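*Asks:* Please find the sequence and the predicted model below.
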There are 4 protein chains.
Amino acid sequence: MTPSKPLRADARRNRARILAAAEEVFAERGASASTEEVAARAGVAIGTVFRHFPAKRDLLAAIMKELRRRLVDRAETLIADGDPATAFFDYFTYLVESSAEIGTVVSLLAEEGTSIEPDDQIMALTQAFGRLLEAAQQAGTARPDARLDEVMALVTATTHGALAGSWTDDLRCRTLALVLDALRPR
Amino acid sequence: MTPSKPLRADARRNRARILAAAEEVFAERGASASTEEVAARAGVAIGTVFRHFPAKRDLLAAIMKELRRRLVDRAETLIADGDPATAFFDYFTYLVESSAEIGTVVSLLAEEGTSIEPDDQIMALTQAFGRLLEAAQQAGTARPDARLDEVMALVTATTHGALAGSWTDDLRCRTLALVLDALRPR
Amino acid sequence: MTPSKPLRADARRNRARILAAAEEVFAERGASASTEEVAARAGVAIGTVFRHFPAKRDLLAAIMKELRRRLVDRAETLIADGDPATAFFDYFTYLVESSAEIGTVVSLLAEEGTSIEPDDQIMALTQAFGRLLEAAQQAGTARPDARLDEVMALVTATTHGALAGSWTDDLRCRTLALVLDALRPR
Amino acid sequence: MTPSKPLRADARRNRARILAAAEEVFAERGASASTEEVAARAGVAIGTVFRHFPAKRDLLAAIMKELRRRLVDRAETLIADGDPATAFFDYFTYLVESSAEIGTVVSLLAEEGTSIEPDDQIMALTQAFGRLLEAAQQAGTARPDARLDEVMALVTATTHGALAGSWTDDLRCRTLALVLDALRPR
DNA sequence: TATGAATGAGCTTTCATTCAT
DNA sequence: CATGAATGAAAGCTCATTCAT
């Protein structure tokens, strides 16, 4: 379904190395980091980067896609295996913690005008989050009047907040606690 | 303490026009907008911009300083004139709403590495916010266990969230309500 | 004398397809068209193109050689079968008309510095043209004082003119008539 | 009518040097010569070239405009001062001879897709040529049935021919004689 | 002080060519 | 032989910054 051509072994290896390097570089230097540095970090020539990602935005988009894939994976794991009463809160926490790892990259999407298409992945993530929310509501651990879009907004906010202000671990925990509290039944 | 020279009248006028133009341009185009466009919008030549702000980061920093000044002003007004029971929440709301006006500019600071110095203004803002918080706590409208750094974190988060996700007015209101709710006594 | 190796059947087939594709592509896009596009159009991989033509200029040269071969063929046909009185003028016309078909390709040689070696084919073409000229002169339809190099110059000029200016069919006919008139006895 | 801003002295000097350098470079190396080389030859930095000519095509277009200006000037001089009986032929000759000086530049227009706008200058040149033609026809030195578009086509052809084939001076003279002969009454 | 032309490092992107598969 | 991924040298162009006017 995904690959039009199965790609040669070395090509796939390089693609992965470039993605990994790009994730690092952009996390460290921001989206204005040069493609050349990505290439250098990946140990390939500049041309190779552009063979895999014809424009810089494609590279950024690919990183985001990969990141989102991981997030969706995690949600689905929690839906399948987690405790309905806590899975929703665990996942919320997971998203915020991940953002630290992700680095600045996330926040670059808006800026770059990387007009992300309607995007199946965002929808998938939203839906999965919705199921976790419902389960928590039925388990009585989440406010019954909390709406999904509000939850998404809150997680976006907390994530970006965690990135923008350089919070200590302690502060992040306390803030997160407050936010999660706002989602619990009074 | 601040001005080495009182500046000629026209120079001061130019400085102001450049700042205003820069605020507009960076809000519209992001921090990657060119200094030249700022100059054009301000109706001055590029050299004049650099005479007033020796580097681009200085221009960005000056914008931030100006913005923060307004925010502090507002806080002090509320401390002086507002209803202690609601002023804290009003100010929180004001900050989030302002962020929409401010546009992308705010979020660019982190990225640009404009490592803002300890900054008196941030401290002033924090202190003012602290006084509003205390007043609300004494009035019984804010959780007594809410700490100032958490409040700052929450406002940062909500602000950035409002900027990053393009929330509707309605969604912003509901999300804000949830956040403020988290700061009210249970 | 010519082929070092007789070439495998598929190799010869590929060579032909590449040449055909190159002729098309360069006619459409000019000599700055990429070798990769030639490969794509030919349905082979880029490596295959370079196996057959070690450098781009070789590919261009080969196209020219092929084109010239056709032109010489046509001249010999006319020498053998045509009416001596008109064959010269027919051939002149044929060359100019062909140039339209050939497209821009021809004119690219000069630029590319594809310093064509003395080239047997050009000589062959010139000689054939010379024979047609002589025949026409003997038939009294061509000026007796017209020299072969002048004729070659005229046909070159008309050809390039037809390519450079985008003449209508009508204009090309009239211009050609004038030129041919210049070669008729007064 | 032409200059929106009168340009500073040094700017005008640089602009002229760039144009001169570009004319040389493109004549020597063809249109694929690099802008950087033009800059080097002009003794300015690359940025200066792009300040004056925002894209390479603009530089090429400017060269052409300058060349055409010279041609039109010459035509007008001949209209004013020349002998009506010979001026037409003199100008035709002048155009062909100039092409040698102009070098390859001329022929690059077609290729570069420098979609020259309807172009006042071409029209001016055509009109001037038209007047020379009429004068010659009235003086009885040019065929009365020769049309202006045919003349333009012939001069284009001869010019391009002279450029493409590397004719000797002698050959160019003889070929030109033939072409001009075609335009004389029989 | 203001101007705006000049600078030049740096960025994205292209493409002829090589070479491991 | 064919393949197509990798290479890397340019090329075109941008823009923060400097400096002569």
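*Replies:* Perfect, I can see it now.

*Asks:* Going by C-alpha atoms from here, please, whenever you check contacts or count neighbours.
*Replies:* Fine.

*Asks:* Domain parsing of chain A, as residue ranges.
*Replies:* Using automatic domain parsing, the domain ranges for chain A come out as A:1-54, A:63-182.

*Asks:* quick one: is the shortest one near chain B?
*Replies:* Read that as domain A:1-54. Yes: counting by Cα under 8 Å from any Cα of the partner chain, chain B has neighbours in domain A:1-54: A:29-30.

*Asks:* near DNA strand F, anything from that domain?
*Replies:* Yes: using Cα under 7 Å from any atom of the strand, we find that domain A:1-54 touches DNA strand F at A:7-8, A:10-15, A:43-48, A:51-52.

*Asks:* and the residue of chain A nearest chain C?
*Replies:* Nearest to chain C in chain A, going by Cα to the nearest Cα, is residue A:51, at a distance of 13.0 Å.

*Asks:* So the helix or strand where residue A:62 lies, near DNA strand F or not?
*Replies:* Assigned by DSSP states H and E, residue A:62 belongs to helix A:56-81. No: on the criterion Cα under 7 Å from any atom of the strand, helix A:56-81 is out of touch with DNA strand F, staying 12.8 Å away.

*Asks:* packing partners for that helix?
*Replies:* Using 3 or more Cα pairs under 8 Å, 6 or more residues apart in numbering or on different chains; DSSP states H and E as the contact test, the elements touching helix A:56-81 are helix A:9-29, helix A:84-102, helix A:120-138.

*Asks:* and if we set it to 10 Å?
*Replies:* With contacts taken as 3 or more Cα pairs under 10 Å, 6 or more residues apart in numbering or on different chains; DSSP states H and E, helix A:56-81 sits against helix A:9-29, helix A:46-52, helix A:84-102, helix A:108-112, helix A:120-138.

*Asks:* what angle sits between it and helix A:84-102?
*Replies:* 160 degrees (axes from the mean of the first three to the mean of the last three Cα atoms, to 10 degrees).

*Asks:* near DNA strand E, anything from helix A:56-81?
*Replies:* Yes: Helix A:56-81 reaches DNA strand E (Cα under 7 Å from any atom of the strand) through A:56-57.

*Asks:* chain center to that helix, what's the gap?
*Replies:* Distance of helix A:56-81 from the chain centroid (Cα atoms, centre = their mean, to the nearest Å) equals 6 Å.

*Asks:* Show me which positions of that helix end up buried.
*Replies:* A:57, A:59-65, A:67-69, A:71-72, A:74-76, A:78-79 (16 or more other Cα atoms under 10 Å in any protein chain shown).

*Asks:* where are the low-confidence patches of chain A?
*Replies:* A:1-6, A:100-119, A:165 (pLDDT under 70).

*Asks:* ok, back up a step: the residue of chain A closest to chain C: how many residues sit nearby?
*Replies:* By the criterion of other Cα atoms under 10 Å in any protein chain shown, residue A:51 has 11 neighbours.

*Asks:* show me what contacts it?
*Replies:* Residue A:51 makes contact with A:11, A:15, according to Cα atoms under 10 Å, 6 or more residues apart in numbering or on different chains.

*Asks:* I'd like to know how far the residue of chain A found nearest DNA strand E sits from residue A:10.
*Replies:* Of all residues in chain A, residue A:55 sits closest to DNA strand E, at 3.2 Å by Cα to the nearest atom of the strand. Distance of residue A:55 to residue A:10, given as Cα to Cα, to the nearest Å: 21 Å.

*Asks:* These two: which has the busier surroundings?
*Replies:* Ranked by neighbour count (other Cα under 10 Å), residue A:55 and residue A:10 place residue A:55 first, with 12 against 9.

*Asks:* need the contact list for residue A:75.
*Replies:* A:69, A:81-82, A:87-88, A:90-92, A:94-95, A:124-129, A:131-132.

*Asks:* Give me the buried entries from these.
*Replies:* Burial by neighbour count, judged by 16+ other Cα under 10 Å, picks out A:69, A:82, A:87-88, A:91-92, A:95, A:124-126, A:128-129, A:131-132 from the contacts of residue A:75.

*Asks:* Taking their axis directions, the helix or strand containing residue A:155 and helix A:120-138 sit at what angle?
*Replies:* Using DSSP H and E, the element containing residue A:155 is helix A:148-164. In terms of direction (the same axes, to 10 degrees), helix A:148-164 departs from helix A:120-138 by 110 degrees.

*Asks:* which helices and strands sit right next to helix A:148-164?
*Replies:* Packed next to helix A:148-164, using 3+ Cα pairs under 10 Å, 6+ apart, are helix A:84-102, helix A:120-138, helix A:169-182, helix B:105-112, helix B:148-164, helix B:169-182.

*Asks:* which parts of it are buried?
*Replies:* Those would be A:148, A:150-164, for helix A:148-164 by 16+ other Cα under 10 Å.

*Asks:* can you count the residues close to residue A:83?
*Replies:* 15.

*Asks:* Phi first, then psi, for residue A:139.
*Replies:* phi -80, psi -10 (degrees, to the nearest 10).

*Asks:* isn't it right up against residue A:84?
*Replies:* Yes: between residue A:139 and residue A:84 there is a contact at 6.8 Å, judged by Cα atoms under 10 Å.

*Asks:* Quickly list what's touching both of those two.
*Replies:* residue A:133.

*Asks:* Between the two, which is the more surrounded one?
*Replies:* Neighbour comparison, residue A:139 and residue A:84: the larger count goes to residue A:84, with 22 against 13 (by other Cα under 10 Å).

*Asks:* Excluding covalently adjacent residues, which one is nearest to residue A:41?
*Replies:* Leaving out its chain neighbours, the residue that sits closest to residue A:41 by Cα to Cα, 6 or more residues apart in numbering or on different chains is residue A:21, at 5.7 Å.
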